[in-house]
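S.K.: sequence first, predicted coordinates after that:
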Amino acid sequence: MTSAASPILPRLELTDICKRYPAVIANDGVRLQVAPGEIHAVLGENGAGKSTLMKIIFGAVKPDSGTVRWNGQEVKVATPQDARKLGIAMVFQHFSLFDTLTVAENIALGLDQNVNMLELAEQIARTGENYGLELEPHRHVHTLSVGERQRVEIVRALLTKPQLLILDEPTSVLTPQAVQKLFVTLRKIASEGCSILYISHKLDEIRELCHSATVMRAGKVTGHCDPAQETAASLSRMMIGEDLPPSAHTEPVTLGESRLRIHQLSLPKAHAFATALDDIQLELFGGEIVGIAGVSGNGQQELLAALSGEDRRASPQMIELKGKPVGNRGPESRRKLGQSLVPEERLGRGAVPEMSLTSNMLLSHQHAPFVTKGMINFRHTIQAATDIIARFRVKAGGPAALARSLSGGNLQKFIVGREITRQPEVFIVAQPTWGVDVGAAAQIHDEIRKLKQAGCAVLVISEELDELFELCDRMHVIAKGRLSPSIATASATREKIGLWMSGLWEEWTTAETVSLGKTGGSGSRKKINVKNERGEHA
Amino acid sequence: MLKLELRAASSRSMAYLSPVLALLLTIFFGALLFMALGKNPLTGLQVFLIEPIRSKAAIAELLLKTTPLVLCALGLSVCYRANVWNIGAEGQLIAGGLAAGSTILFFDTGTPGLSGGMVLLLASCAGVVGGALWASITALLRDRFNANEILVSLMLTYIAQLLLMYAVNGPLKDPNGMNFPQSKVFSSDYLLPHLFSGSRLHIGFIVMLVASGLMAVFVYRSFAGYRLTVGGLAPLAARYAGFSSRRALWTSLLISGGFAGMAGAFEVAGPIGQVLPSISPGYGFAAIIVAFIGRLNPIGTIFGGLVLSLFYLGGEMAQSRLGLPSAITGLFQGMLLFLLLACDTLINYRLRWQK
């Protein structure tokens, strides 16, 4: 009705939104306008205030001042229920689904009123068909892939017939092919008049998908633009306020000896929702960076636990560190052999939130001079923490600052720094720049390259393909607990890696085996050749 | 309207102010309680809080009761830091007391044998071992069968109490005791030496002070203490670091049981001087409050111990002077714990006045 009367009336209009927290100003005079049917990007680094703004729109956070207009009317959105009543739906970055319930049951829980399950299942199927979000309503959520879980969230949002759909970093868990599919869906939703707020830090995606963009930095809006008219470089300049430091391109390094060898590593599931590892093969040499790509939940965590020593179920020979079988050895004995590891979760695993940076040093510095005769040497430990803060430009209130008082990027710099200063011979890092701002990410990448220059063997497990393409010499892909053979980054394409992420590498690899001229019976060779041709057609 | 607002960072000063605030509020509500019972609140408070520390002898008595409270709380602090919820210090204290009492009775035969000091040393060690053994049952059940340590340690307290009953009704019963369920009174050689003549305050008080200092070093300076704290605060970080959670479970429970057992030994060989059907008026439970009032800090537990000891003495005074029921001590203890938990909210939140 409103949109028919005055088509230019914005669906959502925010003026002078301010939100202060005791230590920071999260939103400072923010203005934002979203037209009906518009896909509007909100981009900014971590900590720029994007999430606070979205929470204000969704009623989860109350602004200190400012007005929210919805279809021209001033409204107070006090709770998420209010937001849903207005027609605002949100898909969070971390899904809120119950693993043990079915798709339909999960969706029913998200709807306010009681629903007839049969009707709902039909609605789900219909919505899915309309928007290319195919779902089987009666499947249990724990059997779904991450992409499918996201579909459940989107369908749940769509069933409330929203006029505004907020998506928070929706592509962080998707393969490139799935991203394209999602974009088709989003364009269709928008074409029917629903506005979309798209929060992301992936500039290429925003340029491809969004009609307009609002850029935020340190709580303030620093610009509005049409992303299609901008370059990735100009967008990132608006985002971080300066040009990105040029990444130091490194000289090729001659490969050293084999440092880490994973041989036929298979591990059954540790619990019902884990991924079993299946015959993992990998060899890592000094002076190279090897990446492991893959959509999250495909065995990365399990592989990491086996490599760190947190999971000691592997038989000794399955993992060899510098020639020594360590499959059943704990983290500290692997550290003693020269391995450093940066885990995926910074708070809670890589660092104890309630402890000072100094105390957090000791998680991986359990040797002299930090610990002698069972006693902690605080003088050395404080000194080492201070050095890391200085060398890695960690923004922190000093070595006594609690880990949780640091921003994600700064804590990551500290943890990476802590592990690098151990002068490792094998360096394993998971999601090195996950949720880290652009500047810190560039710095962390540089440090990883320096390690390689110094002859260290580096293994990077990441869900960000861009990051892997930028850093790695070779790449593996992990899918459903199996690891693909490695492929040189120079000969890999995003499409190929994307296909491999779905587990489809068998055809490619048999082709390569043949081209290497491996001996084999002529009969089997023929078969492989046939397969090869099929593979090329596919 | 008052509103709670999340602080940007948890307040360190509030972490130390909170017990003080809780104590003041307890006194305030205590006054209301006396009023409700028809007593003059000022007299009530005076009898409850001031009378017990009016004289040197009274203060010695206060320190005497502080000893078992602090010893138990020292061990409990280590457990709670490691996220091991040992509720059964009372049972471990009884087991320790029983072990120590049995040891003394074994040597105290009237015939010349080992020197008194030697026997007391042996008895103390037996107390530590007895308490640790009792706690190890909890550790074993948790470790092997993943049994909940809160329930197991609590229920073992009642078993320990029944074991004590059996002992004083059976093997330890004084043959000349007119069938009373109690052991014979230890000879004076086998009692802990007093610090001053005329007071019951014994050498265990000094041991307690030294132990607090040692535990402070253990918790804050030793790598073993660090491992336990990390395991309690962030189990995943402990796994990442390579600290064994099983080791943390056993270490903390054995330390805790050992200290509670020592407290039991000191009670039996100190003020009680024999094995009775009851050797503790709930010191092991009160020590839980002591540990939290002391902020799980070994030095802090001394202050917590003084407060709870005062409540015990105040309760006795209130019974004799005001004719109030003995439950008054428990009421004050409970109030203090609840108010402390409430005040601890202010460590992470602040109160803001909002229209």
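M.R.: Structure received.

S.K.: please make it C-alpha for all contacts and neighbour counts, starting now.
M.R.: Fine.

S.K.: what about the nearest residue to residue B:1 once chain neighbours are set aside, distance to residue B:2?
M.R.: Spatial nearest neighbour of residue B:1, excluding adjacent residues (Cα to Cα, 6 or more residues apart in numbering or on different chains): residue B:354 at 5.3 Å. Distance of residue B:354 to residue B:2, given as Cα to Cα, to the nearest Å: 6 Å.

S.K.: sorry, back to before: what about the residue nearest to residue B:1, neighbour count?
M.R.: 8 (other Cα atoms under 10 Å in any protein chain shown).

S.K.: what's the answer for residue A:18, then?
M.R.: Other residues close to residue A:18 by other Cα under 10 Å number 22.

S.K.: who's it bridged to?
M.R.: residue A:65 (DSSP bridges).

S.K.: isn't it up against residue A:49?
M.R.: No: in this structure residue A:18 lies outside contact range of residue A:49 using Cα atoms under 8 Å: 10.4 Å.

S.K.: where do the contact lists of these two overlap?
M.R.: Residues touching both residue A:18 and residue A:49 (Cα atoms under 8 Å, 6 or more residues apart in numbering or on different chains): A:26, A:27.

S.K.: residue A:216 should be in a helix, yeah?
M.R.: No: assigned with DSSP: H, G, I helix; E, B strand; the rest coil, residue A:216 falls outside any helix and is strand.

S.K.: and it, how close does it get to residue A:66?
M.R.: 17 Å.

S.K.: between those two, which has more neighbouring residues?
M.R.: residue A:216 (24 against 15).

S.K.: residue ranges with poor pLDDT in the stretch 151-300 of chain A?
M.R.: For the stretch 151-300 of chain A, the stretches with pLDDT under 70 are A:242-252.

S.K.: and residue 313, what is it in contact with?
M.R.: I'll assume chain A. A:267, A:306, A:327, A:328.

S.K.: ah, I was thinking of chain B
M.R.: Residue B:313 neighbours (Cα under 8 Å, 6+ apart): B:48, B:52, B:62.

S.K.: SS state for the last one?
M.R.: Three-state secondary structure (criterion: three-state DSSP) places residue B:62 in helix.

S.K.: give me the number of residues near the closest residue to it other than its chain neighbours?
M.R.: Once flanking residues are discounted, residue B:62 sits nearest to residue B:309: 5.9 Å by Cα to Cα, 6+ apart. Neighbour count of residue B:309, defined by other Cα under 10 Å: 28.

S.K.: what about residue B:309, distance to residue B:67?
M.R.: Residue B:309 is 9 Å from residue B:67, by Cα to Cα.

S.K.: can you check residue A:237 too?
M.R.: Distance from residue A:237 to residue B:67, by Cα to Cα: 66 Å.

S.K.: now do residue A:499
M.R.: Counting by Cα to Cα - residue A:499 and residue B:67 are separated by 70 Å.

S.K.: these two: who's more crowded?
M.R.: Neighbour tally, residue A:499 and residue B:67, criterion other Cα under 10 Å: the higher count belongs to residue B:67, 28 against 16.

S.K.: now name the helix or strand holding the more buried one.
M.R.: helix B:56-81 (DSSP states H and E).

S.K.: with residue A:15 instead?
M.R.: strand A:12-20.

S.K.: now that strand, how far from the chain's geometric center?
M.R.: Strand A:12-20 sits 28 Å away from the centroid of its parent chain (Cα atoms, centre = their mean, to the nearest Å).

S.K.: and the contacts of it?
M.R.: Contacts of strand A:12-20 (Cα under 8 Å, 6+ apart): A:25-35, A:62-72.

S.K.: the helix or strand following that strand versus strand A:12-20: what angle between them?
M.R.: Later in the chain than strand A:12-20, the nearest helix or strand by DSSP H and E is strand A:25-34. Going by axes from the mean of the first three to the mean of the last three Cα atoms, to 10 degrees, strand A:25-34 is angled at 180 degrees with respect to strand A:12-20.

S.K.: find the residue closest to residue B:283 in space, skipping its chain neighbours.
M.R.: Excluding the flanking residues, the one nearest residue B:283 by Cα to Cα, 6+ apart is residue B:69, at 5.6 Å.

S.K.: how close does that neighbour sit to residue A:431?
M.R.: Taken as Cα to Cα, the span from residue B:69 to residue A:431 is 49 Å.

S.K.: and chain B, which of its residues are near chain A?
M.R.: Contact residues (Cα under 8 Å from any Cα of the partner chain) of chain B with chain A: B:7-9, B:221-224, B:230, B:233-242.

S.K.: can you tell me the centre-most residue of chain A?
M.R.: residue A:172 (4.9 Å; Cα atoms, centre = their mean).

S.K.: you'd agree it is up against residue A:464?
M.R.: Yes: using Cα under 8 Å, residue A:172 is in contact with residue A:464, at 7.5 Å.

S.K.: re earlier: among the residues of chain B next to chain A, name the buried ones.
M.R.: Buried subset of the residues of chain B next to chain A (neighbour count, 16 or more other Cα atoms under 10 Å in any protein chain shown): B:7, B:221-224, B:230, B:233-242.

S.K.: mind checking which of those land in helices?
M.R.: Cross-referencing those against helices under DSSP state H gives B:221, B:223, B:224, B:230, B:233, B:235, B:236, B:237, B:238, B:239, B:240, B:241.

S.K.: quick check, nearest of the residues you listed to chain A?
M.R.: residue B:237 (3.8 Å; Cα to the nearest Cα).

S.K.: spit out the contact partners of the nearest residue to the closest one once chain neighbours are set aside.
M.R.: Of all residues not flanking residue B:237 in the chain, residue A:349 sits nearest, at 3.8 Å (Cα to Cα, 6+ apart). Contacts for residue A:349 (Cα under 8 Å, 6+ apart) come out as A:343, B:234, B:235, B:236, B:237, B:238, B:239, B:240.

S.K.: can you list these in TSV and add pLDDT?
M.R.: Listed next are the contacts of residue A:349 as TSV, based on pLDDT from 0 to 100:
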residue	pLDDT
A:343	93
B:234	94
B:235	93
B:236	94
B:237	96
B:238	96
B:239	95
B:240	96
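
S.K.: least trustworthy helix or strand in chain A by mean pLDDT?
M.R.: Sorting the helices and strands of chain A by mean pLDDT, DSSP states H and E puts helix A:522-537 at the bottom, at a mean of 37.

S.K.: quick one: the residue of the stretch 51-200 of chain B found nearest chain A from residue A:206, how far?
M.R.: The stretch 51-200 of chain B approaches chain A most closely through residue B:81 (12.3 Å), counting by Cα to the nearest Cα. Look at residue B:81 and residue A:206: by Cα to Cα, they are 47 Å apart.

S.K.: higher neighbour count, the two?
M.R.: Counted by other Cα under 10 Å, residue B:81 and residue A:206 do not tie: residue A:206 has more neighbours, with 25 against 22.

S.K.: now for that one: which residues touch it?
M.R.: Contacts of residue A:206 (Cα under 8 Å, 6+ apart): A:41, A:200, A:227.

S.K.: for the helix-or-strand element of chain B with minimal mean pLDDT, name the packing helices and strands.
M.R.: Least confident helix or strand, chain B: strand B:2-6 with a mean of 81, by mean pLDDT, DSSP H and E. Under the contact criterion of 3 or more Cα pairs under 8 Å, 6 or more residues apart in numbering or on different chains; DSSP states H and E, strand B:2-6 touches strand B:349-353.

S.K.: what comes up buried for the strand it packs on?
M.R.: B:349, B:350.

S.K.: and that strand, what's its mean pLDDT?
M.R.: Taken as a whole, strand B:349-353 has an average pLDDT of 84.

S.K.: ok, whichever residue of the stretch 251-355 of chain B sits closest to chain A to residue B:16 distance?
M.R.: Nearest residue of the stretch 251-355 of chain B to chain A: residue B:350, at 10.7 Å (Cα to the nearest Cα). Note on residue B:350: its distance to residue B:16, by Cα to Cα, is 15 Å.

S.K.: repeat for residue B:173
M.R.: Separation of residue B:173 from residue B:16 (Cα to Cα): 47 Å.

S.K.: I'm done for today, thanks for sticking with me.
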